[in-house]
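In: predicted model and sequence below, questions to follow.
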Amino acid sequence: MTTIPAIHPAWTRAPTGMTDGYSLEMTAKDRPALREAADRIAPDTPVAITFLPGETIDARIAAAVEVRTLGFEPMPHLSARRIASLDELSATVERTVAEAGVRRMFLVAGDPPTPVGPFADTMALLQTGLFERNGITAIGIAGHPEGHPAMDSATCLTVLKAKRDEIAARGMATLIVTQFGFDPDPFITWLEDLRANGIDSPVRIGVPGPAGIKTLLRFAAHCGVGASVSALGKYGISLTKLLGSTGPDALIDRLAERLTPAHGPVRLHFYPFGGLVRAVDWIKAYEGSAHD
């Protein structure tokens, strides 16, 4: 039987507060912001590096190196449909491991409807065998609490389980990271469905960092979380009041009220939307408040 490595020892214990063990998202151009915020970020904090179409492989690898140099855990993203060849994939994986000591990667199919190369989805990347051969011990995959544009909820769970099984068969651990949302209800319902279907992998719930309303709505529309925005009406609370530039306090407080040990291992993943320093400062302030 294959022994699956632990993603991190912290996953074996309950968090001491909602922001305990959080992770962050950045782009290659956020390196100066990460340096500025580094002294307020806990050592070994996971930092995901997005796969933007306008950024080069060198830029993404340099960002991963920066994350590692600053004492954090880099998790580069790979977008299957944007990778032009097996050689490009191989070079990317090999270089990020060699240069940045990367141990985990996050795989998505990506936005383009037609792949630019041979990889149509996450499973196609996994089946190359490149990750385990290069010493990757954990693979992040996407969760969709508010649904997927091309799949119903039952199919989403089936696909998620198939990916989990493929990752496990290759001797790696699975980490599920969700889209960001504004409403705790879809997260809780989805977590319950996930666990009821035997998927016990650690989950990171996507949370929007403090940002202006226009920025939040633009990213929400792009990422398909409009249902979450409309659902706020049931609380009688406007998006401006709940998630203004002051931060996502209300969302995280509601999650804290609802989450139980039955929901399995759960931590937060912050999407700063270009405001990484602001997000880190908000997290520190939240940790120092009565919330935690």
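Out: The structure has been received and is ready for your questions. Numbering: from 1, shown residues only.

In: show me where the stretch 151-292 of the chain has helices.
Out: 153-169, 184-196, 213-223, 226-231, 239-242, 249-258, 276-287 (DSSP state H, counting those that start in this stretch).

In: so which of the ones you listed is nearest Val65?
Out: helix 276-287 (17.1 Å; CB to CB). C-beta here means a position set from N, CA and C on the backbone, and glycine is covered the same way.

In: who are the packing partners of that closest one?
Out: strand 23-26, helix 31-37 (3 or more CB pairs under 8 Å, 6 or more residues apart in numbering; DSSP states H and E).

In: nearest to Asp183, of these?
Out: Closest of the helices and strands packed on helix 276-287 to Asp183 is strand 23-26, at 19.9 Å (criterion: CB to CB).

In: and the contacts of the closest one?
Out: With CB atoms under 8 Å, 6 or more residues apart in numbering as the test, strand 23-26 has contacts from 33-34, 41, 45-50, 63, 67, 75, 177, 204, 267-272, 276, 279-280.

In: how does it look with 7 Å?
Out: Residues from elsewhere that reach strand 23-26, judged by CB atoms under 7 Å, 6 or more residues apart in numbering: 34, 45-50, 63, 204, 267, 269-272, 276.

In: that one - what's its average pLDDT?
Out: For strand 23-26, the mean per-residue pLDDT is 96.

In: list the strands paired with it, with their directions.
Out: Each strand that pairs with strand 23-26, with its direction, by DSSP bridges: strand 46-49 (parallel), strand 266-271 (parallel).

In: how about the most centrally placed residue in the chain, nearest residue that isn't a chain neighbour?
Out: With distances taken as CA atoms, centre = their mean, Val177 lies nearest the centre of the chain, 3.9 Å away. Distances taken as CB to CB, 6 or more residues apart in numbering place Arg204 nearest to Val177, at 4.5 Å, with adjacent residues excluded.

In: Arg68 now?
Out: Ala100 (4.8 Å).

In: quick one: pLDDT of the one you found?
Out: On the pLDDT scale, Ala100 gets 98.

In: that older thread, just the pLDDT for the residue nearest to the centre of the chain.
Out: Confidence score, pLDDT, at Val177: 96.

In: who is it paired with across the strands?
Out: Ala142, Arg204.

In: do I have it right that it meets Pro202?
Out: No - with contact defined as CB atoms under 7 Å, Val177 does not reach Pro202; the gap is 9.5 Å.

In: any common contacting residues for those two?
Out: When CB under 7 Å, 6+ apart defines a contact, no residue borders Val177 and Pro202 alike.

In: tell me who's in contact with the residue nearest to Val177.
Out: Ser23, Leu175, Val177, Thr178, Arg267, Leu268, His269.

In: so it versus Trp190, what's the distance?
Out: Using CB to CB, to the nearest Å, Arg204 is found at 13 Å from Trp190.

In: ok, the contacts of Arg204 vs Pro210, which is closest?
Out: For those, the nearest to Pro210 is Leu268 (13.7 Å; CB to CB).

In: show me what the closest one is bridged to.
Out: Applying DSSP bridges to Leu268 gives these bridge partners: Ile205.

In: going forward can the numbers begin at 2, since that is how I track them
Out: I'll keep to 2 as the first residue from here, and by that count the last item is Leu269.

In: burial count for it?
Out: 21 (other CB atoms under 10 Å).

In: ok, now the one 3 residues further on?
Out: When neighbours are defined as other CB under 10 Å, Tyr272 has 22 of them.

In: go on, Phe188?
Out: For Phe188, the neighbour count with other CB under 10 Å is 27.

In: if I look at it, what pLDDT would I see?
Out: Model confidence at Phe188 (pLDDT) stands at 94.

In: understood, closing this out.
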